[in-house]
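S.K.: Structure here, sequence nowhere to be found:
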């Protein structure tokens, strides 16, 4: 299994541009998550999904959109990039989402908005 | 979810045990203690979790005090590859959310 994969690894955007961060998992996990990590800080939850067609907001959803049309894929969309969105973005997945469930993380996408 | 307190950094000699403390004095009865680590620039990696009893797996041991207000993650024989930020997270059994603090930067010295 490849686990959780993310593309691209790095990206530089200009203010106002849009882009989609891709996330795919091959573990047949129901739950998927998007986090962002600012320098020197812990991860913060942006959005999550409990299954295809179902998404919900996390702690810091403003400026982002998500969709979940398949079990495997959970793309994160930035519509109007702002410098405050410069961060490292991590996608994760877990099987059930329950209290003892383990989340598996991808390698991250490093985004810079100039 | 209960908040946790960890020292910002620790050093450990290679080959020695690394003991990483975590305080979670407001933990409630249905909340688990989780440990993840993040090696530089990589995604976080699950290490271990526990509720009341001490736990051990191939990576580490987790010691939880009887009152559950604190815990210690033990890496029995630290290597240079264990240099990472270690996050202690308290998580309700009813939620799928992980709330990350700033963790402890463990530096394993040769």
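M.R.: Thanks, I have it. All values reported here derive from a predicted model rather than from experimental measurement. Residues are numbered from 1 along each chain as shown, chains lettered A, B, ... in the order given.
S.K.: Which residues of chain B lie near chain A?
M.R.: Selection of chain B residues close to chain A by Cβ under 8 Å from any Cβ of the partner chain yields B:30, B:32, B:41-46, B:49, B:87, B:91-103. Any C-beta I mention is one placed from the backbone N, CA and C, and that applies to glycine too.
S.K.: starting at the chain centroid, how far to stretch A:31-47?
M.R.: Distance, stretch centre to chain centre, for stretch A:31-47: 8 Å (Cα atoms, centre = their mean, to the nearest Å).
S.K.: show me where chain B has helices.
M.R.: Under the criterion DSSP state H, chain B carries no helices.
S.K.: now the residues of chain B next to chain A: which count as buried?
M.R.: B:32, B:43-44, B:46, B:49, B:87, B:91, B:96, B:98-101, B:103 (16 or more other Cβ atoms under 10 Å in any protein chain shown).
S.K.: Please give me every residue in contact with the residue nearest the centre of chain A.
M.R.: Closest to where the C-alpha atoms of chain A average out (Cα atoms, centre = their mean) is residue A:34, at 2.8 Å. Counting by Cβ atoms under 8 Å, 6 or more residues apart in numbering or on different chains, residue A:34 touches A:21, A:23, A:45-48, A:58, A:64, A:66, A:74, A:76, A:89-92.
S.K.: rewinding a little: which of the residues of chain B next to chain A fall in strands?
M.R.: B:32, B:45-46, B:49, B:87, B:91-92 (DSSP state E).
S.K.: can you list the residues you listed in TSV and add pLDDT?
M.R.: As requested, those are exported to TSV (pLDDT from 0 to 100):
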residue	pLDDT
B:32	90
B:45	95
B:46	93
B:49	92
B:87	96
B:91	84
B:92	76
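S.K.: Which one of these is nearest to chain A?
M.R.: Set against chain A, the nearest of those by Cβ to the nearest Cβ is residue B:46 (4.7 Å).
S.K.: From residue B:21, how far out is residue A:72?
M.R.: 39 Å (Cβ to Cβ, to the nearest Å).
S.K.: Equivalent analysis for residue B:54, please.
M.R.: Taking Cβ to Cβ, one finds residue B:54 at 15 Å from residue B:21.
S.K.: Look at these two and report which has more neighbours.
M.R.: Neighbour tally, residue B:54 and residue B:21, criterion other Cβ atoms under 10 Å in any protein chain shown: the higher count belongs to residue B:21, 15 against 12.
S.K.: so who does that one touch?
M.R.: Residues near residue B:21 by Cβ under 8 Å, 6+ apart: B:6-7, B:70-72.
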